[in-house]
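Visitor: What shape does this take:
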Amino acid sequence: ALFNLLIPDHAADAFSPPRLSEPGPADLLLERLLGGLSRWDAEHFLFIAERGYLYEHNCAFFPLYPLSLRAGAEAALWPLRRLLRLRSRLLLSAALLNSLFAVLAAAALYKLGCAVLRCHRAAFLAAALFCVSPANVFLAAAYSESMFCCLAFGAMWQLERGQRWRGALLFSLATGARANGVVNAGFLLYSCAKRLALQLRLRSGSLLLWRQLLSAASSAGACAGVFLPFVVFQYYAYMMFCVPNVQRAVPEPLLQLALDKGYRLAGARGAPPPWCSQRFPAVYPYIQDVYWNVGFLRYFELRQIPNFLLALPVTLLSSWAAWTYVSANPRRCLTLGLERTNSGEENKASAGFCGPAVFVYVVHATALLLFGFFCMHVQVLTRFLGSSSPILYWFSAHLLQEHEPLLWSEGTDGQPASPGGGRPGSRGDGAAANPVLRLLRRWSLLTPLSKCVLGFFLSYWLLGLLLHCNFLPWT
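Guide: This next block holds a predicted model:
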């Protein structure tokens with residue numbers, strides 16, 4: 001609110017539908033306080049929550065988050081209906097829900113870290129770093145990142161606990177929030193591969209065959225559930241934009257916006273859009289291609305150098321994470337982590353970032369990095385990775401613990417931790433309990449590497465708030 005008040009909004013060429021109802025005093029006050037959370041793509045989510053999928057390019061934004069905003073505005077904020085118009089209640093709903101999702105995501109990340117890293121202190125430090133994430137502004141604004149992060153981290157944690165179907169359900173919901181949720185099906189496939197490898201080592205005979213078939217069928221069903229929201233939404237878009245139906249009553253200002261900007265309306269007469277005639281009609285890749293020019297190497301232009309520089313820190317950090325893990329575990333990477341190791345070796349390297357359980361998360365983060373760098377608008381890499389993978393936070397915590405002497409006095413807590421986790425010691429005041437705050441209070445004593453890691457997190461956290469809320473270009 002402070003940055004939005006002090007800095008005038010930039011005249012950006014972004015989606016900005018006209019307001020159809022006159023705001024009251026309470027609406028104006030809320031817009032002054034929270035209006036910075038409704039910039040850029042947030043306008044799409046708020047518009048969809050209010051009007052539905054009226055324009056074709058709205059279909060790039062998946063429905064679970066707008067539905068949640070509408071439910072919050074109509075149910076939890078129903079008593080405010082006489083005080084605030086619907087859009088204001090949707091904006092307030094977004095601020096409240098995203099705060100809740102961010103807290104739950106931090107808690108899920110901590111639990112997941114305890115289960116995977118088997119080190120309470122590393123898990124707690126990673127969760128503390130998440131609270132000052134470089135993508136923080138997108139976790140607070142009316143974007144789906146916060147919901148997706150909460151669902152994805154929660155699903156990963158459930159999978160680590162052996163709750164495969166709970167994990168599959170949460171992964172499925174995550175796909176309903178963001179399209180890249182379909183990639184999370186890889187976690188289910190890898191979990192199935194590990195179980196099959198274990199069964200091959202421990203059992204033999206016809207019983208093994210039946211167990212393999214049942215396990216494969218179960219995993220296939222779980223993966224289908226992860227893809228289902230994506231497929232259903234593409235079908236919904238097909239019925240809205242490809243099949244002739246009764247045209248909705250659209251207010252004149254919204255019709256005029258479609259004419260001025262060239263937006264395709266749902267149920268519009270005339271020739272259907274080109275994607276409708278494809279063998280597998282899918283609106284999402286079409287929108288990314290036509291509206292935003294997303295594709296392999298399309299962003300590799302001289303004028304995009306500033307955006308590549310903006311994505312450089314997260315690119316270097318994620319690449320370093322992958323290199324560190326591969327260098328420490330070359331054999332495990334070559335065998336995809338499926339080869340049996342003796343118990344002595346397993347216990348020796350079980351805790352920390354280079355432990356065996358981290359392998360699949362490194363592969364996931366590296367795949368997202370490569371796809372984002374070569375096929376997407378590269379400046380979104382920071383929020384793309386920051387809301388999809390725990391590796392950014394785990395590796396940053398690993399670097400701080402390995403190279404910052406101020407953290408060595410705590411000990412490494414390398415003992416195995418149960419998936420449920422326990423609270424790390426919290427002696428003294430809040431700053432003593434929170435390692436990030438303690439490091440910041442002793443900034444002058446930090447090593448250069450620690451200053452770089454924390455500087456990246458804090459500078460992007462602050463610049464994101466400063467720029468994004470005023471329609472200035474950011475990640």
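Visitor: okay, CA-based contacts and neighbour counts for the rest of this
Guide: Will do.
Visitor: Report the contact partners of the residue positioned nearest the centre of the chain.
Guide: Among the residues of the chain, the one closest to the centroid is residue 387, at 2.7 Å (C-alpha atoms, centre = their mean). Going by C-alpha atoms under 8 Å, 6 or more residues apart in numbering, residue 387 touches 135, 145-146, 148-149.
Visitor: quick check, nearest of the residues you listed to residue 289?
Guide: residue 145 (21.6 Å; C-alpha to C-alpha).
Visitor: Quick check: pLDDT value at that closest one.
Guide: As predicted, residue 145 sits at a pLDDT of 96.
Visitor: what about it, neighbour count?
Guide: 28 (other C-alpha atoms under 10 Å).
Visitor: I'd say it and residue 137 touch.
Guide: No: using C-alpha atoms under 8 Å as the test, residue 145 is too far from residue 137 to be in contact (9.9 Å).
Visitor: How far off centre is the helix or strand hosting residue 155?
Guide: Secondary structure assigned from DSSP states H and E places residue 155 in helix 145-160. Its chain's average C-alpha position is 9 Å from that of helix 145-160, according to C-alpha atoms, centre = their mean, to the nearest Å.
Visitor: Likewise for stretch 225-238?
Guide: 19 Å.
Visitor: Enumerate the positions of that stretch that are buried.
Guide: 225-230, 233-235, 237-238 (16 or more other C-alpha atoms under 10 Å).
Visitor: Closest to residue 331 out of the residues you listed?
Guide: residue 226 (30.7 Å).
Visitor: what sits against the closest one?
Guide: 168-169, 171-173, 175, 181-182, 184-185.
Visitor: Would you map the helices across the stretch 251-400 of the chain?
Guide: Along the stretch 251-400 of the chain, the segments classed as helices by DSSP state H, counting those that start in this stretch run 252-261, 283-290, 305-328, 330-334, 343-348, 359-375, 381-386, 391-403.
Visitor: can you redo those helices as a markdown table with distance to residue 128 and mean neighbour count?
Guide: A markdown table is the format used below for these (distance: least, C-alpha to C-alpha, whole Å; neighbours: other C-alpha atoms under 10 Å):
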| stretch | distance to residue 128 | mean neighbour count |
| --- | --- | --- |
| helix 252-261 | 43 | 13 |
| helix 283-290 | 34 | 17 |
| helix 305-328 | 18 | 17 |
| helix 330-334 | 29 | 14 |
| helix 343-348 | 27 | 10 |
| helix 359-375 | 19 | 18 |
| helix 381-386 | 14 | 23 |
| helix 391-403 | 9 | 21 |
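Visitor: Return the member of those having the minimum mean pLDDT.
Guide: helix 343-348 (a mean of 50).
Visitor: Please point out which parts of the one helix or strand residue 113 maps to sit buried.
Guide: Using DSSP H and E, the element containing residue 113 is helix 86-117. By neighbour count on 16+ other C-alpha under 10 Å, the buried set for helix 86-117 is 86-95, 97-99, 101-117.
Visitor: Which strands and helices lie in contact with that helix?
Guide: Using 3 or more C-alpha pairs under 8 Å, 6 or more residues apart in numbering; DSSP states H and E as the contact test, the elements touching helix 86-117 are helix 25-34, helix 42-51, helix 64-71, helix 120-130, helix 136-140, helix 145-160.
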